[in-house]
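>>> Here you go, sequence then predicted model.
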Amino acid sequence: MKAPLEYSPMYWSLVFPLGMYTVASWQLAAADEFTFMKQIPEATIWIAFLAWLIVMTGLIRSILRGLRSRA
């Protein structure tokens, strides 16, 4: 049995902390010159971007589905 995966605005509450963690880690590494810490945001930026892309795709699909159902 396959569970349907539907868009929900609450998914943005998962994406936002990923991006903020990435930015905060980058700023801490830059401010205190912790070169070893720059590896963390270099990896998490891709995770945050992928999460953002997935949720944005869901939002766009949801909008298009709503527009089609009205027509």
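Sure thing, it's come through.

>>> what ranges do the helices span in the protein?
12-31, 39-70 (DSSP state H).

>>> Please name every helix or strand in contact with the last one.
Looking back up the chat, that one is helix 39-70. Helix 39-70 sits against helix 12-31, with contacts defined as 3 or more CB pairs under 8 Å, 6 or more residues apart in numbering; DSSP states H and E. Using the backbone N, CA and C atoms, a C-beta is placed for each residue, glycine as well.

>>> Return the angle between stretch directions for the helix it packs on and helix 39-70.
Interaxial angle of helix 12-31 relative to helix 39-70 (axes from the mean of the first three to the mean of the last three CA atoms, to 10 degrees): 150 degrees.

>>> what's in contact with helix 12-31?
34-35, 37-38, 40-41, 44-45, 47-48, 51-52, 55 (CB atoms under 8 Å, 6 or more residues apart in numbering).

>>> Tell me which two of the residues you listed sit farthest apart.
Thr35 and Val55 (31.8 Å; CB to CB).

>>> Which of those two has more residues huddled nearby?
Counted by other CB atoms under 10 Å, Thr35 and Val55 do not tie: Val55 has more neighbours, with 20 against 9.

>>> any idea how far the more buried one is from Arg70?
Val55 is 23 Å from Arg70, where distance means CB to CB, to the nearest Å.

>>> With Gln27 instead?
The gap separating Gln27 from Arg70 is 44 Å, by CB to CB.

>>> cool, Met20 as well?
Noted for Met20: a distance of 36 Å to Arg70, by CB to CB.
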